[in-house]
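# What follows is a predicted protein model with its sequence.
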Amino acid sequence: MQNTPFYVEAIEEMSSICRQIYPNAPWLTLDKFVQRSRRAKWVIVDIRPQSERAVSIIPGALSLDEFKARGKKRPGEYDGKSILIYCTAGCRSARYAMQLCESGFQAFNLYGGILAWALDGKSFATPNGETTRRVHVYSANWDTLPPGYEAVC
């Protein structure tokens, strides 16, 4: 994947805006997530609306509704697990990550969201589990996907 300065800077700029809005959110970069995932169990939660998740998700991610339903159905389901929350760039997910931390969970917000995931060259999955390079980017203003991905708005 060619991470030209344009894509790196564009995603960094969007993510830093989110970080300014939610400075107290528990931010985690993709690199740190990858390092920690080698030794910790994670639950990944996509808080984007169904219309965005219908295009693609990070493989294995739960929707917010699925996450909440599992937790209610099986108390203790998330004990001992870290929770990674994401959206497009991290703004919408930051607020929910803070709420989870206040409720006693070890939750983190993915810095750069799905944009950072794509910048790292990672694949996405359709709701049926098929690999895809199509990504819903919230709006045209947030379309900073690197080459090789198809933006959907």
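Here it is on my side, so go on.

# Where does the prediction get shaky in this structure?
Low-confidence segments of the chain, defined by pLDDT under 70: 1-3.

# Just after the longest helix along it, pick out the following helix or strand.
With secondary structure taken from DSSP state H, the chain has its longest helix at helix 5-21. Downstream of helix 5-21, the next assigned helix or strand under DSSP states H and E is strand 27-28.

# Now do the buried residues in the helix or strand just after that next one.
Next helix or strand after strand 27-28 toward the C-terminus (DSSP H and E): helix 30-37. In terms of neighbour count (16 or more other CB atoms under 10 Å), helix 30-37 has its buried residues at 30, 33. In this view, the C-beta of every residue, glycine as well, is placed from N, C-alpha and C.

# And the very next helix or strand once past helix 30-37, what does it pack against?
Sequence order places strand 42-46 as the next helix or strand after helix 30-37, per DSSP H and E. Helices and strands touching strand 42-46, by 3 or more CB pairs under 8 Å, 6 or more residues apart in numbering; DSSP states H and E, are strand 62-63, helix 64-73, strand 82-86.

# Can you tell me what sits against the first one?
Strand 62-63 is contacted by residues 43-46, 50, 53, 70 when judged by CB atoms under 8 Å, 6 or more residues apart in numbering.

# and the closest residue in space to residue 83 that isn't next to it in sequence, how many neighbours?
Nearest non-adjacent residue to residue 83, counting by CB to CB, 6 or more residues apart in numbering: residue 107, 4.2 Å away. Here the number of neighbours of residue 107 (other CB atoms under 10 Å) works out to 25.

# who's in contact with stretch 44-57?
Under CB under 8 Å, 6+ apart, the answer for stretch 44-57 is 58, 60-64, 67, 83-88, 92-93, 96, 124-127, 132, 134-136, 138, 152.

# Filter those residues down to just the buried residues.
For the contacts of stretch 44-57, a burial check counting by 16+ other CB under 10 Å picks out 58, 61-64, 67, 83-88, 92-93, 96, 124, 135-136, 138, 152.
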